[in-house]
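Novice: got a predicted structure here, sequence first:
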Amino acid sequence: MKTLKLLMLCLLITACTSSCSSDDDSGNFTPNNSLKLSDLEGSWIANSALFTNNSNSTESFDMVANGGEIRYTMLVGGGTRTWIDFGNYQDEWDSQASLSGNILTMTPAEENRGVNVFLIEKEGDVIILTNSNDNFDFTLTGETAVSSTSVTTLIPNN
């Protein structure tokens with residue numbers, strides 16, 4: 001149980017890491033420099049949270065497809081609460097969001113969580129957060145995380 005909690009904490013931290021870049025070459029989304037923080041207000045739920053090993057692109061793990069849940073609620077002014085549920089692990093925290101172009105910065109209320117920065121894309125009711133400088137333990141056993149890219153796709157949580 002202790003190992004699972006540690007693993008989930010690592011997963012949580014890596015899901016909200018502090019640097020990102022745009023390596024999404026799917027062609028389905030294009031950066032929108034006119035995105036405003038108010039465009040992100042409301043409740044969101046992840047329908048995918050895919051981690052891909054940067055050294056071995058055949059190795060990937062989708063937390064949502066494997067039973068996990070990630071939810072965000074952003075209030076007017078950028079106050080945000082995040083929830084992560086995965087197996088026996090649950091966590092929630094508050095952050096203050098800021099947006100500069102396509103860079104979303106989340107500054108948590110708890111300093112020990114660290115500031116998280118994402119490339120953000122929004123098309124219609126879909127938000128994509130991309131981080132090509134993430135880390136993830138693909139063994140899910142608490143081993144050292146490896147360099148990975150995370151792409152989290154969010155839809156309205158109505």
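Specialist: All right, it came through fine.
Novice: need the helices for this protein, in chain order.
Specialist: Assigned by DSSP state H, the chain shows helices spanning 2-15.
Novice: strands along the protein, start to end?
Specialist: In the chain, the strands defined using DSSP state E lie at 42-53, 60-62, 69-74, 79-86, 89-100, 103-108, 116-123, 126-136, 146-156.
Novice: so in that sheet, which strands flank the fourth one, and in what orientation?
Specialist: What it means is strand 79-86. Using DSSP bridges, strand 79-86 pairs in its sheet with strand 69-74 (antiparallel), strand 89-100 (antiparallel).
Novice: right, so of the ones you listed, which gets closest to P108?
Specialist: Of all those, strand 89-100 sits nearest to P108, with 4.6 Å by C-beta to C-beta. Glycine gets a C-beta too; all of them are placed from N, C-alpha and C.
Novice: same question for stretch 58-72, mean pLDDT?
Specialist: Averaged over stretch 58-72, pLDDT sits at 96.
Novice: sorry, wrong one. I was asking about stretch 88-103.
Specialist: Here stretch 88-103 scores 93 as its mean pLDDT.
Novice: stretch 150-158 now?
Specialist: Stretch 150-158 comes out with an average pLDDT of 95.
Novice: what are the buried residues along it?
Specialist: S150, V151, T152, T153, L154 (16 or more other C-beta atoms under 10 Å).
Novice: contact partners of that stretch?
Specialist: The contact list for stretch 150-158 (C-beta atoms under 8 Å, 6 or more residues apart in numbering) reads 14-15, 17, 24, 42-52, 70-73, 125-131, 134, 136.
Novice: which of the strands of the chain sits closest to L35?
Specialist: Of all the strands of the chain, it is strand 116-123 that lies closest to L35, at 5.7 Å by C-beta to C-beta.
Novice: report the buried residues of the closest one.
Specialist: Here strand 116-123 shows N116, V117, F118, L119, I120, E121, K122 as buried, counting by 16+ other C-beta under 10 Å.
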